[in-house]
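Trainee: only geometry, no sequence info:
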Ligand code: GDP
Ligand code: GDP
């Protein structure tokens, strides 16, 4: 699992500036709690070849009159408790404030690797400004400028010490598929896992996970051995931390980082929420196999109407995930579990499916005949051939003369053609357009 680094600091020291420097994909940011000025923001970040998760804790100000200040404090404590390393950010131009001292005192009591950086050192001549912060009783202060990228190498090299360089994201063709059960709090994740584990057809063994609280459960579903990831320890953990819904969403995003398949649990007795959509969107974006579970189905009185309403919402809010099978379950009545297992197995197969090159080329040829890509700027787009280069998710490379000119809608069209010809339900399909000779020395 990628390490999680929390950026802590009072408002205006430059946390979000630094966050934005380091985080690549910003689409997965966690939503604001209404009424709180600044919020936890979370994303996958990278420095050179190393990847990590970053959380910007917003600005904690104990002097604030904000009625939600207690919630902000909880939020901060949560972020710190989840983090593997902490980056304490200060403002070199402002010097030490009372809030900095308060935070320093608190952070010193926390037994986690702590890195202290004085921001807004935009040029070497300003470095002396950072000396003042040694008064906070810290071993080392890194002078940096998030804006000018000054001093970031030294800081990031130390902060990421021991974090392996990212291997190329490799598909997992062998070994047990990893399955994460994710969703908002109270949708029934732990009930569902327990119901699954209680059913006869499973052989269970627990392996301590890589992080605190996390347990991997080896199970046999059908004939397939799979690993259920119980990242947050949802099966047995007291519910204290999940009071703030957003924390649970962050945990969901974290488990999605190290899974192959995601079962996103949605509470069928409630309207579909933005957080549900966000979790599904993240799973999709990361190329995970996806199964949607409408749980608490026993509470739904008019089931036909509910299914229709959900299908409409789904088309409206997450049309990108139209390939995901949807299963209705009741964890408390142990209903829908067989369907759930079937959907997971089928998704697993499809996520790892590989089409031969002749089949790929037949699909491409037929697609081109029926609907050739429209010329762009007066010049034709020629697609020469297609091959599947990866599984998990199935990834296709199309060699063509002008990859940059291919319209998104044509990519979508090819995806649909692939789906029409083979069963890829449950899995996203990625298509990359390449120039001839790409990748050759
Ligand atoms: P946050 O509240 O800690 O997230 O702070 P922001 O990232 O919003 O930054 C607060 C202000 O400081 C903004 O006006 C930024 O443009 C400015 N700022 C952030 N980083 C730097 C820096 O490295 N150098 C300078 N000169 N200004 C910075
Ligand atoms: P989690 O926070 O997502 O792990 O949710 P829990 O499994 O703790 O469930 C939250 C609440 O919903 C508990 O009171 C469960 O008993 C209840 N619950 C879970 N699944 C179902 C279900 O299928 N039907 C009904 N009626 N209640 C359920």
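Mentor: Perfect, thanks for sending it. Just so it is clear, the structure is predicted and the values come from calculations on it, not from any experiment. Ligands and ions are numbered 1, 2, ... in the order given.
Trainee: next helix or strand past whichever helix or strand residue 418 is part of?
Mentor: In this assignment (DSSP states H and E), residue 418 forms part of helix 408-421. Towards the C-terminus, the helix or strand next in line after helix 408-421, according to DSSP H and E, is strand 430-434.
Trainee: Neighbours of the one residue in the chain that gets nearest to ligand 2, how many?
Mentor: Taking Cβ to the nearest ligand atom as the measure, the chain has residue 188 as its residue closest to ligand 2, at 2.9 Å. From N, CA and C alone the C-beta is placed, and that goes for glycine too. By other Cβ atoms under 10 Å, the residues close to residue 188 number 23.
Trainee: Name the nearest residue to it, ignoring sequence neighbours.
Mentor: Nearest-residue entry for residue 188: residue 295, 4.2 Å, with adjacent residues in sequence omitted and distances by Cβ to Cβ, 6 or more residues apart in numbering.
Trainee: got the contact list for the one you found?
Mentor: The neighbours of residue 295, taking Cβ atoms under 8 Å, 6 or more residues apart in numbering as the test, are 187-188, 191-192, 265-268, 328-331.
Trainee: Among those, give me the pair with the biggest separation.
Mentor: For these, the maximum inter-member distance is 14.6 Å, found between 191 and 328 (Cβ to Cβ).
Trainee: picking up where we left off before, got a list of contacts for the helix holding residue 418?
Mentor: Residues contacting helix 408-421 (Cβ under 8 Å, 6+ apart): 323, 355, 359, 362-364, 366-367, 371, 373-374, 386, 394, 396, 398, 424-425, 429, 431, 433.
Trainee: try 6 Å this time
Mentor: 363, 367, 373, 429, 431 (Cβ atoms under 6 Å, 6 or more residues apart in numbering).
Trainee: Also stretch 124-137?
Mentor: By Cβ under 6 Å, 6+ apart, stretch 124-137 touches 90, 92, 95, 104, 118, 121, 141, 143.
Trainee: repeat that for 8 Å
Mentor: Counting by Cβ under 8 Å, 6+ apart, 90, 92-93, 95-96, 100-101, 104, 108, 116, 118, 120-121, 141-143, 150 sit against stretch 124-137.
Trainee: got it, and stretch 150-160?
Mentor: Here stretch 150-160 has contacts from 3, 5, 21, 47-48, 50, 52, 85, 87, 115, 117, 121-124, 142-146, using Cβ under 8 Å, 6+ apart.
Trainee: Tell me how many other residues crowd whichever residue of the stretch 1-150 of the chain sits closest to ligand 1.
Mentor: Among all residues of the stretch 1-150 of the chain, residue 14 sits closest to ligand 1, at 3.0 Å; criterion: Cβ to the nearest ligand atom. By other Cβ under 10 Å, the residues close to residue 14 number 22.
Trainee: I'd like to know which elements the helix or strand where residue 7 lies is packed against.
Mentor: According to DSSP H and E, residue 7 maps onto strand 4-8. Packing partners of strand 4-8 (3 or more Cβ pairs under 8 Å, 6 or more residues apart in numbering; DSSP states H and E): helix 15-22, strand 50-56, helix 69-82, strand 85-91.
Trainee: if you look at it, does any of it touch ligand 1?
Mentor: No: legend: contact between strand 4-8 and ligand 1 by Cβ under 6 Å from any ligand atom is lacking; minimum distance shown is 8.1 Å.
Trainee: ok so, going back, ok, the residue of the chain closest to ligand 2 - contacts?
Mentor: Contacts of residue 188 by Cβ under 8 Å, 6+ apart are 265, 267, 295-296, 329, 331-332.
Trainee: are any of the contacts of stretch 150-160 buried, and which?
Mentor: 3, 5, 47, 50, 52, 85, 87, 115, 117, 121-122, 142-146 (16 or more other Cβ atoms under 10 Å).
Trainee: Run through this structure and note the low-pLDDT ranges.
Mentor: 1, 24-40, 66-69, 71, 166-175, 199-215, 230-248, 437-441 (pLDDT under 70).
Trainee: So which bits of it are right by ligand 2?
Mentor: Close to ligand 2, as judged by Cβ under 6 Å from any ligand atom, the chain has residues 183, 185-191, 234, 295-296, 298-299, 330-332.
Trainee: Buried ones from those residues, can you make that a ChimeraX selection?
Mentor: Only the buried entries of the residues of the chain next to ligand 2 go into this ChimeraX selection, using 16+ other Cβ under 10 Å:
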select :183,185,186,187,188,189,190,191,234,295,296,298,330,331
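Trainee: Make sure I have this right: residue 374 is in a strand.
Mentor: No: residue state for residue 374 (DSSP: H, G, I helix; E, B strand; the rest coil) corresponds to coil; a strand is not indicated.
Trainee: which residue ranges form the strands in the stretch 101-250 of the chain?
Mentor: Assigned strands in the stretch 101-250 of the chain, in chain order: 114-119, 141-143, 177-183, 205-208, 215-221, 224-230 (criterion: DSSP state E, counting those that start in this stretch).
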